[in-house]
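1. Structure here, sequence nowhere to be found:
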């Protein structure tokens, strides 16, 4: 593929159903065709020279046209919303907001002795629950249908992740203002964990990645805070490390963006 459009040779191989096309090239072509009208026109011209394709299209059109006239199209607004959220994300995001509210109440409790505000201890890791719900085979009942569409890729994953952050981060900002927790102290770890979940998700799947990071956060932050009354990874001097982690994870996601274009890359 060129930087902008697939080559004529690649379009011709795709039109002829060449089974030798690598999976990443195949999904990249389909994703590009879904958004590029000129390339769809090129594909139609290439397919016109393939008798098997024209025969198949004619038979499908003859069978579907009478049925399509009776089916009302899905509302455009509903189609746009599915690119940003899934039905299962609602309860999970409500749970995250509820846990944040509980953390604020615990911060106001005089007997709290964990050495740090519960808002600071929980806020960085809570977006992981929303990310898991945004794109996880186990949690999304429509995963299989979504994963085989040309639009299923990094762009869709990022849209849903941004939806999670757009809901969670303002809630945590308000919680931080109520409890006196500095913005940078929880925001950088939160963004770093979210980006790392996406980067690691391209290797082991989004659901497993969020579970692994949640477990590591519990072992490295929550457990020491509860047992020793100290926090080791959220001190101000560690903020540059969180910033570097965020930058490195974001770089990995961009470099390996083609992995997210296949169902195997979004397990």
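-> Nice, I can see it. Not measured: the values here are computed from a predicted model.

2. Just want to check the distance between residue 42 and residue 180.
-> According to Cβ to Cβ, to the nearest Å, residue 42 and residue 180 sit 60 Å apart. In this view, the C-beta of every residue, glycine as well, is placed from N, C-alpha and C.

3. the more surrounded of the two?
-> Shown here are residue 42 and residue 180; by other Cβ atoms under 10 Å, residue 42 has more neighbours (18 against 10).

4. wouldn't that one be in contact with residue 11 here?
-> Yes: assessed by Cβ atoms under 8 Å, residue 42 is found in contact with residue 11 at 5.3 Å.

5. Dihedrals phi and psi, residue 116?
-> Backbone torsions of residue 116, given as degrees, to the nearest 10, read phi -160, psi 160.

6. Tell me which residues touch it, please.
-> 225, 231, 234 (Cβ atoms under 8 Å, 6 or more residues apart in numbering).

7. gap between the first one and residue 171?
-> If you measure residue 225 against residue 171 using Cβ to Cβ, the figure is 21 Å.

8. circling back to that earlier point, redo the contacts of residue 116 as a markdown table? Include distance to residue 129 and secondary structure.
-> As requested, the contacts of residue 116 are arranged in a markdown table below (distance: Cβ to Cβ, whole Å; DSSP: H, G, I helix; E, B strand; the rest coil):
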| residue | distance to residue 129 | secondary structure |
| --- | --- | --- |
| 225 | 19 | helix |
| 231 | 21 | coil |
| 234 | 19 | coil |
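
9. Could you break this protein into its assigned domains?
-> 8-68, 77-266 (automatic domain parsing).

10. how far does the first one sit from the chain's center?
-> Same thing as domain 8-68. 28 Å (Cα atoms, centre = their mean, to the nearest Å).

11. Can you point out the buried residues in the host helix or strand of residue 215?
-> Here residue 215, judged by DSSP states H and E, is contained in helix 206-217. Within helix 206-217, the residues that count as buried by 16 or more other Cβ atoms under 10 Å are 206-214, 217.

12. What count of nearby residues applies to residue 86?
-> With other Cβ under 10 Å as criterion, residue 86 counts 21.

13. Likewise for residue 49?
-> 11.

14. Now do the closest residue to it other than its chain neighbours against residue 53, distance only.
-> Distances taken as Cβ to Cβ, 6 or more residues apart in numbering put residue 15 closest to residue 49, at 8.0 Å, once the chain neighbours are dropped. For residue 15, the distance to residue 53 equals 7 Å [Cβ to Cβ].
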